[in-house]
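J.: What follows is a predicted protein model with its sequence.
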Amino acid sequence: MSMGKRYVFNSKTLSYEVKKRSKRSRFFRSLTLFAVSLGMAMFYFWLYAYVLDLEPPKTALLKKKNAEWCSRVEMLNRKLDESSEALTSLQMRDDDIYRSIFGMNDIPSEVRNAGFGGVNRYAHYDDVDPNGLLKKTAVRIDVLTKKTFVQSKSFDEVAQLSRRAGEMASCIPAIPPMNPDPKKYRFTSQFGYRRDPFTGRSKRHTGVDFAMKPGNPIYSTGDGVVESVKFELFGYGNQVVIDHGFGYKTRYAHLKSVGVAEGMKVKRGECIGLSGNSGRSSGPHLHYEVLYRGSHVNPANYFDLSITPEEYATMVQGIADASERITLHPSHQKKRR
């Protein structure tokens, strides 16, 4: 007999015949085998995954590679942290030291921390990075790159100004505005709050005052350009404002007369007028101010009254002689023509 076949005895023919199965019987037999196979598969999966806590080799390999990439991205983020801290230190040093030395304005925070346009700039990371790690890292790299570019441009500006350091040294206010002869002046009012001589109330004094007789020469305390020359009857009277560049300006007020005009270039030690008693003044004196980046600062930090009158006179005369030589030089005369 053949294996897998069932035989029945036929009493009529007195012989064994193959028993034919119905379609229904074959269907249920196949269904039973499928159910048993499925059950065995599920049993082995449960035993493999939950009891023995094992994973398919392919899944385990993918998880291992994913963990390696996550570790690399985290290491990259740590490097970004270090680079960001170093850049922040450079930014603070740039604003507080380098740009301050050369009278440059700080770079606004909205410029340093400017973002990027487009809301869907990083949308392509959403499909491959459900945890957002790659997207976050990409954003940090772009921001750091932008900040580095801004800082690089700032250093270019500082380097350009540093090449003008000699010019800057001659422009910053650095001498008394008059010959410091103790016989000719008296230091009468300091910078800061004081009792107003007219109202008697406490009021901030934005400069320093030197009492002196009218007619004493007043000198520019640094190279620059005359920004304004004007008269205020109930204010500073005859006054001169000089823009020295690099964030510095000086004001000379209550003058008797003015010897310069707006737009003129002046040198340190060049006479710009004579002391007087014009405007709202309680007596003949010079009111002298120093402004740095738009704010009043203490002028006493920008001159040394210990210089002798002879040294001061020699310096002023030397500047006058140098200016005269420049004016009389043939090449200079050609340029003026």
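T.: Good, I have the coordinates. Numbers count the residues shown, from 1 in each chain.

J.: give me phi/psi at L274?
T.: Main-chain dihedrals, L274, degrees, to the nearest 10: phi -120, psi 140.

J.: Per-residue pLDDT of it, please?
T.: Per-residue pLDDT puts L274 at 97.

J.: Next up, the contacts around it.
T.: Taking CB atoms under 8 Å, 6 or more residues apart in numbering, we find L274 in contact with 214-218, 255-257, 259. C-beta: built from backbone N, CA, C; applies to glycine.

J.: any low-confidence regions in the chain?
T.: 1-5, 19-21, 48-56, 103, 115-119, 322-337 (pLDDT under 70).

J.: Distance check, the residue nearest the centre of it against P309.
T.: The chain has I107 as the residue nearest its centroid, 4.0 Å off, counting by CA atoms, centre = their mean. Counting by CB to CB, to the nearest Å, the separation of I107 from P309 is 45 Å.

J.: cool, G39 as well?
T.: Taken as CB to CB, the span from G39 to P309 is 114 Å.

J.: of these two, who's got more company?
T.: Using other CB atoms under 10 Å as the criterion, G39 and P309 rank with P309 on top: 13 against 10.

J.: Pull the contacting residues for that one.
T.: 179-181.

J.: again, but for Y248
T.: Y248 sits in contact with 103, 171-173, 222, 224, 290-292, where contact means CB under 8 Å, 6+ apart.

J.: Please apply the same query to E17.
T.: By CB under 8 Å, 6+ apart, the neighbours of E17 are 7-10.

J.: and it, backbone torsions?
T.: Dihedral angles (degrees, to the nearest 10) for E17: phi -130, psi 150.

J.: who's it bridged to?
T.: V8 (DSSP bridges).

J.: Can you name the helix or strand that L134 falls in?
T.: helix 133-162 (DSSP states H and E).

J.: Could you pull out the strands in the stretch 101-250 of the chain for me?
T.: 186-189, 192-195, 202-205, 208-211, 217-219, 224-232, 237-245, 248-258 (DSSP state E, counting those that start in this stretch).

J.: I'd like the ones you listed as TSV, with distance to Y122 appended.
T.: Below are these laid out as TSV (distance: least, CB to CB, whole Å):
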stretch	distance to Y122
strand 186-189	62
strand 192-195	54
strand 202-205	52
strand 208-211	58
strand 217-219	62
strand 224-232	50
strand 237-245	45
strand 248-258	46
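
J.: can you tell which of these is closest to D95?
T.: Of all the strands of the stretch 101-250 of the chain, it is strand 248-258 that lies closest to D95, at 18.2 Å by CB to CB.

J.: neighbouring strands for whatever helix or strand comes next after the closest one, and are they parallel or not?
T.: Using DSSP H and E, the helix or strand that follows strand 248-258 in sequence is strand 265-266. Strand 265-266 has the following strand partners under DSSP bridges: strand 224-232 (antiparallel).

J.: what angle sits between the partner strand and strand 248-258?
T.: Strand 224-232 and strand 248-258 are oriented at 50 degrees to each other (axes from the mean of the first three to the mean of the last three CA atoms, to 10 degrees).

J.: do you know how far the spatially closest residue to K230 that is not a sequence neighbour is from F34?
T.: Excluding the flanking residues, the one nearest K230 by CB to CB, 6 or more residues apart in numbering is Q239, at 6.3 Å. For Q239, the distance to F34 equals 105 Å [CB to CB].

J.: Of those two, which one has the most company?
T.: Q239 (22 against 10).

J.: And for the nearest residue to Y236 once chain neighbours are set aside, the neighbour number?
T.: Leaving aside its chain neighbours, Y236 sits nearest to A253 (3.6 Å; criterion: CB to CB, 6+ apart). Residues within reach of A253, counting by other CB under 10 Å, total 25.
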